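here is my input; please provide its structure:
(chains A and B)
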Amino acid sequence: MVSVVLTDVRKSFGAVEVLKGIDLTVEDGEFAVFVGPSGCGKSTLLRMICGLDEVSSGTVAIGGEVVNDVPPAQRGIAMVFQSYALYPHMTVAENMGYALRLAGVDKAEIRSRVETAAAVLRLDKLLDRKPRELSGGQRQRVAIGRAIVRDPRLFLFDEPLSNLDAALRVDMRAEIASLKARLGTTMIYVTHDQIEAMTLADKIVVMNAGRIEQVGSPLDLYRAPANRFVAGFIGSPRMNVLPAVVGPDRRPVLAGGTAVPVETDLAPGTPIALGIRAEHWSSAEDGDRGALSGTVRVVEHLGSDVFVHLSVEGAPDPVILRIGGERMVRAGDILRIAPDPLSVHVFDAAGLRVPTRSPARSAA
Amino acid sequence: MTMTSAEGTPAPPRMSAFARKGGLKAHERRVGRLFLLPALAAFALVILFPFLRALGVAFTRSDLQTPEPVFVGLANFRAILATPEILGAFVTTAVYVGLATAGTVVLGLGWALILNQSFRGRAVLRAVTLIPWVLPSTVTAFVWGWIFNSRFGVLNAALVGVGAIPHPTAWLSTTGGAMTAIVITKIWFSIPLFMSFFLAGLQSLDREQIDAARVDGASNFALLRDHILPHLRPVLLVVIVLGVIGNLQHFDTIFALTGGGPVRATSVLSIEVYRRAFDQWDLGMASALGLLWVATIMPAAYFYLRHLLKGA
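Next comes the predicted model:
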């Protein structure tokens, strides 16, 4: 088990700077997930930790040692690739034992370690097969087995589930979660899927355009996103963002004229945006504070939940809200809704989240 | 709405007016055969017919004194077996084919590995590499003839210059020198084609597989042995077989450089057949030798075709 410390890590390809100064610490035994849209630099960062790409400037330290100039094989790491990267002409057993063979470990020892890992991953019946004779899920397990056999001090995963179908992805996610619990090794996992990030991570690192936007536990990011990017990226469906201005009493006034019952320290007249998640709305009566009405455009029945897309005056995008699965709503219905004031996020013009107070508390 | 008959059960749907007779596959096969016809006709005219003619001539005496071929059975083949210099041509051919094929495979692969790396000027170098391939073979022979030239050749100048040899050597007039010259010329001339095959193969190698091997601790040599060569195995097979066939058939640069000499040192089968047919006008003997020559190519061609058909 080791910690990983990145200090002002930068990477340029020619004139293009893809990583613009990354500072990050992944603690001993922590499961860190790098998440962000395509092209944000998360895979490049992982490859630099692995040693497959060189760092343009800054330092990568694993276990307290700067490893910028240490080749991948000597970093004590194992990596699981998106394409699995199995060796097609070797059997499952040869694939899993390859690193040990190169390291000169004796054959009996290799066989015993491969068999132990294979038993854990339910690969024991497949050891003599070639990768092409395996299903996608089995290949993924071989790739993980190949990493486990080496007994690394750090595991790296580069979007390992993105080539699997939806059902298999859920199974493999559970498998990786149990692997993490059993081994306790430090793991860094790259994905663009925020559900994987939320379910697996101890610590999520949200990246965008070569920078870290926010680092925190899944619930921290969900409850207190630092900015509009994180707010939009974490959580499904996306957080609703409604344009507003700060009113004379420091309460946000939505574009449609509705005042929302929270207070900010921003000066009256400042343009802001309100972020409210789908589950933080409730149905409202005519007299309720902060209530607004809209026309139902689309209804998505997911069984347990229903997501309703509502056109609201002054909001450029439909507002998505979650209602109970038993409630019947049809397109064209008019709904009157109000946000939960404690769960309203206020973002300033630069997109940063600013603190709010509930008027009830300030009045008290 | 469904159509129902008087009894109330659904009527079976009728056949569409656009249905192909005998099914879609049968129709495609009929069209396919039609497309084959022109190629088959050309093949019969320029390959099959001359081949069968030659096959016939191989069993006749047909030379300047016998303008009308006379059937002699296996006499030509017996004569070949009794002529040591012709048997020598088989050995010369084997040496030439072996050296030229091995040299081209090794150097072509090495060059492809270099050109598969990313570095400045790679595209230009790749383009320049193709030059030997587009040069007419007589020009190639002429260029190498000058390089090996005993009095003005650059090879002698270089070797004498660095003190490797005391005075210029007439390379093309020595047995070993002439063989080396025709082998080097052929290798130079064939590298672009082989390199292209290998490069295409290398480009289909999964980049992540190499990354994974690096993480597993593979050195450059281990990468070549455990990943690149196994990946290139099918390409290697095709390239070796094509190389053997091409070198067995090769004629022009050898004829232009050495004409089969000195004495018979570079007289491979193609040169031998040419001499019998067009120097000595012994068409019966030339055809018989040609037939044996074809027989030497057959095993290589068989492997190639089997590989092609298995791949299909």
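
show me how far stretch A:328-347 is from its chain's centre.
Taking C-alpha atoms, centre = their mean, to the nearest Å, one finds the center of stretch A:328-347 at 26 Å from the center of the full chain.

hang on, A:Val308 in a helix?
No: assigned with DSSP: H, G, I helix; E, B strand; the rest coil, A:Val308 falls outside any helix and is strand.

is it bridged to anything, and to what?
Each beta-bridge partner of A:Val308 is listed here, defined by DSSP bridges: A:Val299, A:Leu321.

excluding chain neighbours, what is closest to the residue of chain B found nearest chain A?
Among all residues of chain B, B:Gly217 sits closest to chain A, at 3.4 Å; criterion: C-beta to the nearest C-beta. Just so you know, the C-beta spots here come from the backbone N, C-alpha and C atoms, and that holds for glycine as well. By the measure of C-beta to C-beta, 6 or more residues apart in numbering or on different chains, the closest residue to B:Gly217 outside its immediate chain neighbours is A:Ala73, 3.4 Å from it.

same check on A:Ala273?
A:Phe347 (4.6 Å).

how about A:Ala255?
Once its chain neighbours are removed from consideration, A:Ala255 has its nearest residue in A:Gly314; the separation is 2.8 Å (C-beta to C-beta, 6+ apart).

now for the helix or strand containing A:Leu335, which elements pack on it?
Secondary-structure element containing A:Leu335, defined by DSSP states H and E: strand A:334-339. Secondary structure elements in contact with strand A:334-339, counted by 3 or more C-beta pairs under 8 Å, 6 or more residues apart in numbering or on different chains; DSSP states H and E, are strand A:281-283, strand A:292-301, strand A:305-312.

which residues sit against the shortest one?
It refers to strand A:281-283. Applying C-beta atoms under 8 Å, 6 or more residues apart in numbering or on different chains, the external contacts of strand A:281-283 come out as A:319, A:321-323, A:335-340.

most surrounded residue in those residues?
For these, counting by other C-beta atoms under 10 Å in any protein chain shown, the largest number of neighbours falls to A:Pro339: 27 neighbours.

ok, the closest residue to A:Met172 other than its chain neighbours - contacts?
Closest residue in space to A:Met172, ignoring its immediate chain neighbours: A:Leu161 at 5.4 Å, by C-beta to C-beta, 6+ apart. Taking C-beta under 8 Å, 6+ apart as the criterion, A:Leu161 is in contact with A:140, A:169, A:172-173, A:191, A:193, A:196.

including pLDDT, could those go into TSV?
Listed next are these as TSV, based on pLDDT from 0 to 100:
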residue	pLDDT
A:Gln140	89
A:Arg169	86
A:Met172	85
A:Arg173	89
A:Thr191	92
A:Asp193	88
A:Glu196	89
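
filter those down to the ones in helices?
Using DSSP state H to define helices, the subset of the contacts of A:Leu161 located there is A:140, A:169, A:172-173, A:196.

quick check: residues of the stretch 101-250 of chain B near chain A?
If contacts are counted using C-beta under 8 Å from any C-beta of the partner chain, the residues of the stretch 101-250 of chain B sitting beside chain A are B:206, B:208-209, B:211-218, B:222, B:226-227, B:230-231, B:233.

would you mind listing what in chain A touches chain B?
Near chain B, when you scan chain A using C-beta under 8 Å from any C-beta, you find A:47, A:50-52, A:71-73, A:77-79, A:81-83, A:85-90, A:98-99, A:102-103, A:146, A:150.

what about the residues you listed, which are in strands?
A:77-79 (DSSP state E).

who wins for most neighbours among those?
Across these, neighbour numbers were computed from other C-beta under 10 Å; A:Met79 holds the maximum, 30 neighbours.

what is the neighbour count of B:Ala42?
B:Ala42 has 11 neighbouring residues, counting by other C-beta under 10 Å.

quick check, pLDDT for it.
We note a pLDDT of 95 for B:Ala42 in this prediction.

go on, B:Gly290?
Per-residue pLDDT puts B:Gly290 at 86.

tell me, how many residues neighbour it?
Should you count by other C-beta under 10 Å, B:Gly290 turns out to have 23 residues around it.

distance between the helix or strand that contains it and the chain's centre?
Secondary-structure element containing B:Gly290, defined by DSSP H and E: helix B:283-311. The chain centre lies 12 Å from the centre of helix B:283-311; the measure is C-alpha atoms, centre = their mean.

what residue in the stretch 101-250 of chain A comes nearest to chain B?
Distance from chain B to each residue of the stretch 101-250 of chain A (C-beta to the nearest C-beta) is smallest for A:Leu102, at 4.5 Å.

do you know the pLDDT at the closest residue to that residue other than its chain neighbours?
Sequence neighbours aside, B:Gly217 is the residue nearest to A:Leu102 in space, at 4.5 Å (criterion: C-beta to C-beta, 6+ apart). Per-residue confidence (pLDDT) for B:Gly217: 90.

list the contacts for B:Gly217?
Residues A:73, A:99, A:102-103 are the ones in contact with B:Gly217 under the rule C-beta under 8 Å, 6+ apart.

all strands for the stretch 51-200 of chain B, in order.
Secondary structure of the stretch 51-200 of chain B, counting by DSSP state E, counting those that start in this stretch: strands at B:60-61, B:70-71.

now the ones you listed as a markdown table including mean pLDDT?
Supplementary listing: the strands of the stretch 51-200 of chain B in a markdown table, determined by pLDDT from 0 to 100:
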| stretch | mean pLDDT |
| --- | --- |
| strand B:60-61 | 82 |
| strand B:70-71 | 80 |
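
what's the neighbour count on the closest residue to B:Ile184 other than its chain neighbours?
Nearest residue to B:Ile184, sequence neighbours excluded (C-beta to C-beta, 6+ apart): B:Trp144, at 7.1 Å. Around B:Trp144 sit 23 other residues, with neighbours defined as other C-beta under 10 Å.

again with B:Ala277
By the measure other C-beta under 10 Å, the count of residues near B:Ala277 is 17.

contacting residues for the residue nearest to it when sequence neighbours are not counted?
With sequence-adjacent residues excluded and distances taken as C-beta to C-beta, 6+ apart, B:Ala277 is closest to B:Ala286, at 3.6 Å. Neighbour list for B:Ala286: B:273, B:276-277 [criterion: C-beta under 8 Å, 6+ apart].

adding pLDDT and secondary structure, write the residues you listed out as TSV.
TSV is the format used below for the contacts of B:Ala286 (pLDDT from 0 to 100; DSSP: H, G, I helix; E, B strand; the rest coil):
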residue	pLDDT	secondary structure
B:Val273	83	helix
B:Arg276	82	helix
B:Ala277	81	helix
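
pLDDT weak spots in the chain?
All of this is about chain A. Within chain A, the stretches with pLDDT under 70 are A:286-287, A:325, A:359-364.

that's the other chain; I wanted chain B
Scanning chain B with the threshold set as pLDDT under 70 gives B:1-8, B:311-312.

which residues touch the residue nearest to B:Thr129 when sequence neighbours are not counted?
On the basis of C-beta to C-beta, 6+ apart, the spatially nearest residue to B:Thr129 that is not a chain neighbour turns out to be B:Pro192, at 5.5 Å. Going by C-beta under 8 Å, 6+ apart, B:Pro192 touches B:129-133.

check the spacing between B:Pro192 and B:Arg120 real quick.
When C-beta to C-beta, to the nearest Å is applied, the distance between B:Pro192 and B:Arg120 equals 21 Å.

show me where the stretch 101-250 of chain A has its strands.
Assignment of strands within the stretch 101-250 of chain A using DSSP E, counting those that start in this stretch yields the ranges A:154-158, A:186-191, A:203-208, A:211-216, A:240-246.
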